[in-house]
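In: this one's sequence-less:
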């Protein structure tokens, strides 16, 4: 496989989904995705002159994604949110919405997939609120109980009769 065609490559998926839009995207290693997310959160949170939100007072940042992007959000929660943090030790992200994650991304372009029984298949409490959405019953290996504790504010919602995709995004 080339580095862009390898299954699980988020860059490869983006380029296949919309080759024109993502043609100029050149991230040589999927493992850099996590640094890009962290640096983007820091930039938005900075309220500085270089932020694309200059003039707005950013108080909180929420991260959300559905399907493949939901898988990236869950990976970030479980694997990166404890490592990549603000200078004061606080979380870069103030809350998450994980929409029906499809698989579990690779940490980098060379890593093997995680096992179906790996604990990271379910959301590990990140210390900030998490809502998980499903358009079908949540797979057993991803289930975990709802929680209201300060360190684990978590809810799962399953929507009966909803669709994972539509004719616009998947003609």
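Out: Structure received. Here the structure is a predicted model, which is why all the values come from computation and not from measurement. Residues are numbered from 1 along each chain as shown.

In: give me phi/psi at residue 130?
Out: phi -140, psi 130 (degrees, to the nearest 10).

In: which ones are touching it?
Out: 77, 95, 96, 97, 98, 123, 153, 154, 155 (C-beta atoms under 8 Å, 6 or more residues apart in numbering). (C-beta placed from N, C-alpha, C; glycine too.)

In: unless I'm mixing things up, residue 103 is touching residue 71, no?
Out: Yes - using C-beta atoms under 8 Å, residue 103 is in contact with residue 71, at 5.4 Å.

In: okay, the two: which has more neighbours?
Out: residue 71 (21 against 16; other C-beta atoms under 10 Å).

In: for the more buried one, helix, strand, or coil?
Out: Taking DSSP: H, G, I helix; E, B strand; the rest coil as the rule, one finds residue 71 in the helix state.

In: Numbering from 37 from now on, please.
Out: I'll keep to 37 as the first residue from here, and by that count the last item is residue 107.

In: rewinding a little: closest one to residue 98 out of the contacts of residue 166, please.
Out: Within the contacts of residue 166, proximity to residue 98 (C-beta to C-beta) peaks at residue 131, which comes in at 4.8 Å.

In: hang on, that closest one packs against residue 165?
Out: Yes - assessed by C-beta under 8 Å, residue 131 is found in contact with residue 165 at 4.3 Å.

In: so where's the longest strand in the chain?
Out: strand 188-194 (DSSP state E).

In: strand partners of it, parallel vs antiparallel please.
Out: strand 166-170 (parallel), strand 183-185 (antiparallel) (DSSP bridges).

In: now those strands as a markdown table including mean pLDDT and distance to residue 82?
Out: Listed next are these as a markdown table, based on pLDDT from 0 to 100; distance: least, C-beta to C-beta, whole Å:
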| stretch | mean pLDDT | distance to residue 82 |
| --- | --- | --- |
| strand 166-170 | 94 | 24 |
| strand 183-185 | 97 | 31 |
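
In: tell me the most buried of those?
Out: Most buried of these by mean neighbour count (mean count of other C-beta atoms under 10 Å) is strand 166-170; its value is a mean of 21.

In: Any idea how far it is from the middle of the chain?
Out: Using C-alpha atoms, centre = their mean, to the nearest Å, the mean C-alpha position of strand 166-170 is found 12 Å from that of the whole chain.
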